[in-house]
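J.: coordinates for the following, if possible.
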Amino acid sequence: MGNTRGFGGRGRRTLVSALGDRNNRREGLEGVVRVVELHQIQSIVRPTTPSEAWSLRTAQPEATRFLGGGIDLVLYTPGTVTTLIDLSGLGRQGVTADRDGVAIGAETTLSELLEASPIASYAGGILVEVLRHVASPLQRNVATVGGAAARAHPWSDVVLAMLVLDAEIEVFDGASRSVPVAEFFATQAKNVAPLITGIRLPKRPSTARGAFEKFGRTGSDVALLNCACVADAVDGGVRNVRIAVGGTPSLARRLPEAEAALEGEPLSTARAAEVASIAARVVDAREDRRASESYRRTLTEVGVRRCLARLAGEDA
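T.: Prediction:
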């Protein structure tokens, strides 16, 4: 069994954090902070294999949680949880490129991913563009890629990027397997979700390009809406078009109708505007306390148009 360490002997352990909501994890008054108490945590175990981690998790599903970066865990740990399963001992860190694409360990922090050389040129550097807009540098130093996929917040810039890049999620739930990202988010278990061990990005041609647009109240705020587009330039047109929108306020989704309208066509500012109009019409936009449905449709049109115009090398 892996290493175990406790929180006993030092009294009550508390951490200060922001309030949070169903859509933006900041329920209550803006700017208000509360004390998040983790005094119910009795131990932290550090398994060394995915099988060991999974056995620990499934043996006591109500009393255990996986610990990666831990940002959300601090904010939203149920009172029934007494044991944290520290995943840092699994050795799932780092970014490597091979003939099949790019492999990313689940425990790789967002800062490490941002600085990884295989990411700089992948699909025109879209991941670099996305990650620079995720939270703050201090949070990126802690947050992990696997944690971003596991939590799958509706506004997640990382989930959005995974969708347009046709990523696969590597999981362990008694056996190792790879799941296409769209399938993973559509069928994620409601009880004990699988242990995420890595993310794989497929090999892409040198002509692949991507663009990202995010709308928020501040540079480090979660998105009111975000969107991303990826395509391969081929024979005067574009192929393998991917267009996704998130924070609608639902989890990011691709827009097949908008993708089909551009597939095989030449890309220009005029064409970008036509496709953006389709995206605004078909996006699953709804109202919440942060934005209205009509405003989100407007943001969708503006964001998709800007992304596609950048892919075309023109101003939006």
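J.: and residue 300, what does it touch?
T.: By CB atoms under 8 Å, 6 or more residues apart in numbering, residue 300 lies in contact with 225, 227, 245, 248, 276, 279, 280, 283, 285. All C-beta spots, glycine's among them, are computed from the backbone N, C-alpha and C.
J.: cutoff 7 Å now
T.: Contacts for residue 300 (CB atoms under 7 Å, 6 or more residues apart in numbering) come out as 225, 227, 245, 279, 280, 283, 285.
J.: list the contacts for residue 133?
T.: 157, 214.
J.: give me the pLDDT value at it.
T.: For residue 133, the model assigns a pLDDT of 95.
J.: Three-state assignment for it, please.
T.: Taken by DSSP: H, G, I helix; E, B strand; the rest coil, the conformation at residue 133 corresponds to coil.
J.: picking up where we left off before, which of the contacts of residue 300 has the largest number of neighbours?
T.: Most neighbours among the contacts of residue 300, by other CB atoms under 10 Å: residue 227, with 33 neighbours.
J.: any idea how far it lies from residue 59?
T.: Distance of residue 227 to residue 59, given as CB to CB, to the nearest Å: 41 Å.
J.: now do residue 74
T.: 24 Å.
J.: those two - which one has more neighbours?
T.: For residue 74 against residue 59, the residue with the higher neighbour count under other CB under 10 Å is residue 74, and the figures read 15 against 10.
J.: any weak-confidence spans in the stretch 201-316 of the chain?
T.: For the stretch 201-316 of the chain, applying pLDDT under 70 flags the ranges 315-316.
J.: if you set the cut-off to 80 instead, what comes out?
T.: Regions of the stretch 201-316 of the chain meeting the criterion pLDDT under 80 cover residues 314-316.
J.: tell me which stretches of it form strands.
T.: The residue ranges that make up the strands of the stretch 201-316 of the chain, judged by DSSP state E, counting those that start in this stretch, are 208-215, 225-234, 237-246, 253-254.
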